[in-house]
Every structure is written in structure tokens, then in C-alpha cells.
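A.B. asks: Need a 3D model of the following:
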Amino acid sequence: SFGGASATSGKTLTVAGDISASGDLYLDADGSFIKGFINWDSGSDQELNVRANVGALFIYSGSQGDGTGLTTLMKVGGKTAAGVDTAAVAIGTNKFGVSEGLTVEGDISASGYISTLSHITASGNISSSGNLYGEDLFVKGGIGHFGDSDTEIVFATDAITFIAGNEQLLKLSEGIGDSV
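C.D. replies: Residues are numbered from 1 along each chain as shown. From the prediction side, this is the model:
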């Protein structure tokens, strides 16, 4: 307790200048949404807030107000919706059901290599301005020539068709009688 302010007094301690401590800093959230933050308040809607909740560390920006103006910049750790501990890192999202190691809502950009020991899955297009390297290529329908929509290699069950200028140039098929 200092100046009449303590954890139970309901009074606020305001200090002008630096504060230093030789021990730990403890914040008591007492179950409310707003208490328990470390705030950097610029006096505008560009605040920065750090908070711990359900075993996770959150970094927010925006206007605290009633809590609706906050944007989650990062969440580290925490629990899934089922209450399971997770070491997940979420950037730009506050989704609790996420169990992946890193979840990003928005674009990802890298100035170096992106490497994985597993699969990369996308629900949209994957594009490259350079070469793609790998051991095997599996396609569902065909391989088209970019910028030349009437040239492609089409794969069907037991058949491969080569098309150029929208003309079938070669078809290889396997069946009762193999044909070229």
C-alpha cells in the first residue's frame, strides 16, 4: 500500500516519472475483461495492451474502451475450446479452437525460404515467379500453358492427350487395344 492505494482499496496510484521495482510485478484481473492489462496509452485509438488470460499471452492494439475496439496482434499459448493446453502461436487472430503451431489470419510474406517437413495445403491458387522443384507431380485434370489457354496436356483415366492451338496433336491411351 502506498498513498492509500492498495489491491483492495479501490484507489488509483498515479505516478509522474519513472517507476522501478526490485521484485516482481503482479496484476490481478479479478475476472473482469479490462483489469490485468499492461497499457501503453497514447491518448488516441492507437493504444497497445499486453494481457495474460487462460494461460496465454495476448498483445492487442486499438482503443480499449469496452473491449470491442481491440485488435489481437498476437496470442501465444493458451487452451483450445476443449480446454486442452496448446503451444500455438496466433498472429492477427484470437481463435481459441486453433491447435496448429502457427496460425496467421492475413497474408504471409517471407524474404527467405519457406521449408516444411510435411504438406502445404491451400484452398486457393499457389503461384510462383520462379521454378518449382520436387520429386513427383500429381494433377487431377491437366497441365496448361500459362498465357496460352489453348495449349495443354490433359490426363484422363489411362489416357494422355497433347493439345496445341486447340488441336489434338497426340493421344496416348491404354485399353483393350493400346493406341497412339
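A.B. asks: hey, let's count contacts and neighbours off CA atoms from now on
C.D. replies: Noted.
A.B. asks: so what's the closest residue to residue 74 other than its chain neighbours bridging to?
C.D. replies: Take residue 74 and drop its neighbours on the chain: the residue closest to it by Cα to Cα, 6 or more residues apart in numbering is residue 91, 4.4 Å away. According to DSSP bridges, the residues that bridge with residue 91 are residue 74, residue 104.
A.B. asks: quick one: residue 91 and residue 104 touch, right?
C.D. replies: Yes: with contacts counted by Cα atoms under 8 Å, residue 91 reaches residue 104, the gap being 4.9 Å.
A.B. asks: Looking at those two, which has the bigger crowd around it?
C.D. replies: residue 91 (19 against 13; other Cα atoms under 10 Å).
A.B. asks: how near is the more buried one to residue 106?
C.D. replies: Residue 91 sits 9 Å away from residue 106, going by Cα to Cα, to the nearest Å.
A.B. asks: Can you tell me the SS state at residue 168?
C.D. replies: strand (DSSP: H, G, I helix; E, B strand; the rest coil).
A.B. asks: Please report how far it lies from residue 153.
C.D. replies: For residue 168, the distance to residue 153 - Cα to Cα - is 10 Å.
A.B. asks: Who has more neighbours out of these two?
C.D. replies: Higher neighbour count among residue 168 and residue 153: residue 153, with 17 against 13, using other Cα under 10 Å.
A.B. asks: Is that one part of a helix or strand, or is it coil?
C.D. replies: Per three-state DSSP, residue 153 ends up strand.
A.B. asks: And for residue 128?
C.D. replies: Residue 128 ends up coil, using three-state DSSP.
A.B. asks: What about it, how many residues nearby?
C.D. replies: Neighbours of residue 128 using other Cα under 10 Å come to 6.
A.B. asks: which residues does residue 164 form a beta bridge with?
C.D. replies: residue 167.
A.B. asks: ok, it - contacts?
C.D. replies: Residues near residue 164 by Cα atoms under 8 Å, 6 or more residues apart in numbering: 150-152.
A.B. asks: tell me the strands in the protein, going along the chain?
C.D. replies: Here the chain has its strands, by DSSP state E, at 37-40, 47-53, 56-62, 70-77, 89-91, 102-104, 142-145, 148-156, 159-164, 167-173.
A.B. asks: pLDDT averaged over the fourth one - what is it?
C.D. replies: By that I understand strand 70-77. Across strand 70-77, the average pLDDT comes to 75.
A.B. asks: what touches both of residue 168 and residue 153?
C.D. replies: Shared contacts of residue 168 and residue 153, counting by Cα under 8 Å, 6+ apart, come down to 161-162.
A.B. asks: Just give me the neighbour total for the residue nearest to residue 70 when sequence neighbours are not counted.
C.D. replies: Nearest residue to residue 70, sequence neighbours excluded (Cα to Cα, 6+ apart): residue 62, at 4.8 Å. Per other Cα under 10 Å, the neighbour tally for residue 62 reads 19.
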